[in-house]
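Peer 1: A predicted structure for the sequence below; I have some questions about it.
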Amino acid sequence: MKDRTYYSRENLMCGFCDLPREVLTAETALDHPEMAAEYEMGSPLCCDRAADVWRAARRTVIRVEQVATGWRVRWREGGRLRARTWGTQKAAIEFADYLAEGGDA
């Protein structure tokens, strides 16, 4: 996606729709579950074309959900479904954001 973005003054802009590039964060997904159902963590929200290109390049789905033992982060990596449970919501959100930015599990 970096080659399809540019800066206009201080804003990172989408090269597909020329709107400010915004992405779905774990915190936003928890506050707005309807967005989490439609978009993946880290996915661009500005336009469908940017989201489609991002999904094709990323091939990772990240979800944060509350479970009996804490907060679970689920993602697909290398064709395998993976999960990790954290004791706090904050820790789970930070890990999900780290994954969305391309970090290794």
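Peer 2: Received, thanks.
Peer 1: please make it C-alpha for all contacts and neighbour counts, starting now.
Peer 2: Noted.
Peer 1: my guess is residue 84 contacts residue 70. True?
Peer 2: No. The pair residue 84 and residue 70 fails to qualify as a contact (C-alpha atoms under 8 Å) at a distance of 10.1 Å.
Peer 1: any regions of the protein where pLDDT drops low?
Peer 2: 1-3, 55-61, 78-79, 102, 105 (pLDDT under 70).
Peer 1: residue 51 contacts residue 41, doesn't it?
Peer 2: No. Assessed by C-alpha under 8 Å, residue 51 is found out of contact with residue 41, at 10.7 Å.
Peer 1: which residue ranges form the helices in the chain?
Peer 2: Here the chain has its helices, by DSSP state H, at 26-31, 33-38, 48-58, 89-100.
Peer 1: does residue 50 touch residue 14 like I think?
Peer 2: Yes. If you go by C-alpha under 8 Å, residue 50 and residue 14 touch, sitting 7.5 Å apart.
Peer 1: neighbour count for the two, which is higher?
Peer 2: Between residue 50 and residue 14, counting by other C-alpha atoms under 10 Å, residue 14 is the more crowded of the two (24 against 20).
Peer 1: my guess is the more buried one meets residue 5, correct?
Peer 2: Yes. Here residue 14 reaches residue 5: they are 4.8 Å apart, a contact under C-alpha under 8 Å.
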